[in-house]
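[1] sequence first, predicted model second:
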Amino acid sequence: MMNAQRNFDSFLQAIHAIPMQALEKLAELYEQLDHDIAQRKPICNTSGRCCKFEAWGHRLYVSTLELAAFQHITEVETKAKPFTDALRSGITFPLPLYMEHGEFSPGCPWQMDGLCTARAARPLGCRIYFCDTTAESWQQERYEHYHQKIVALHEEFQIPYRYMEWRQALALLNQQ
């Protein structure tokens, strides 16, 4: 148990020690990705299906750097909005991650009424996945391409690399 706590503490220290320059480089990478995807013109009908992981048989994974960027952006956005506005929009903090029996709630907790409430902060997997069947031919290759660039940023900035399921990563952040 003590070893698990030490690993958790060192992971949180790594998240908080990530330099702003690394977050800025990841933001630039996300801009390149968004441009790349726009060129492909996938169809998004804002159904919210992509966020319902169990229903569609997929999982979302994030790296240490992506999680740090997500935390940074959502904290900035939350502080910029009055908390009452966040409550009116249906967002509560910390986000509800679990069902009564202790398993993760299905889907992403940032999805409200079929829409992403953290769109600017969404990680690579969210940016690249579309329910559009015509996008299936390029999604995996593009994911691998950009994921390798994210791994390179971990190496460049000496950020410990962890790759974890989205809701497990959010649960770690909720424990801070």
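    Received it, and whenever you're ready, just let me know what you need. Residues are numbered from 1 along each chain as shown.
[2] for Ala121, grab phi and psi.
    The phi/psi pair for Ala121 (degrees, to the nearest 10) reads phi -100, psi 0.
[3] need the per-residue pLDDT for it.
    pLDDT for Ala121: 86.
[4] could you give the number of residues near it?
    The number of residues packed near Ala121 is 20, by other C-beta atoms under 10 Å. Using the backbone N, CA and C atoms, a C-beta is placed for each residue, glycine as well.
[5] could you do the one 3 residues further on as well?
    For Leu124, the tally of surrounding residues (other C-beta under 10 Å) stands at 22.
[6] from Pro123, how far off is the nearest residue to it once chain neighbours are set aside?
    Closest residue to Leu124 apart from its sequence neighbours, by C-beta to C-beta, 6 or more residues apart in numbering: Tyr146 at 5.7 Å. For Tyr146, the distance to Pro123 (C-beta to C-beta, to the nearest Å) stands at 11 Å.
[7] can you give me the helices in the chain?
    Counting by DSSP state H, the chain has helices at residues 2-17, 20-40, 53-56, 64-80, 83-88, 124-128, 136-156, 166-174.
[8] out of those helices, deepest packed?
    Across the helices of the chain, averaging neighbours per residue (mean count of other C-beta atoms under 10 Å) puts helix 124-128 on top, at a mean of 20.
[9] just how off-centre is that one within its chain?
    With C-alpha atoms, centre = their mean, to the nearest Å as the basis, helix 124-128 stands 8 Å off its chain's centre.
[10] check stretch 154-169 too.
    Stretch 154-169 sits 11 Å away from the centroid of its parent chain (C-alpha atoms, centre = their mean).
[11] one more: stretch 24-41?
    For stretch 24-41, the separation from the chain centroid amounts to 15 Å (computed by C-alpha atoms, centre = their mean).
[12] what does stretch 26-45 give?
    Using C-alpha atoms, centre = their mean, the offset of stretch 26-45 from its chain centre is 15 Å.
[13] repeat that for stretch 169-176.
    Here stretch 169-176 is found 13 Å from its chain centre; the criterion is C-alpha atoms, centre = their mean.
[14] for this structure, give me the ranges with low pLDDT.
    Low-confidence segments of the chain (pLDDT under 70): 1-8, 42, 46-48, 76-105, 131-133, 135, 175-176.
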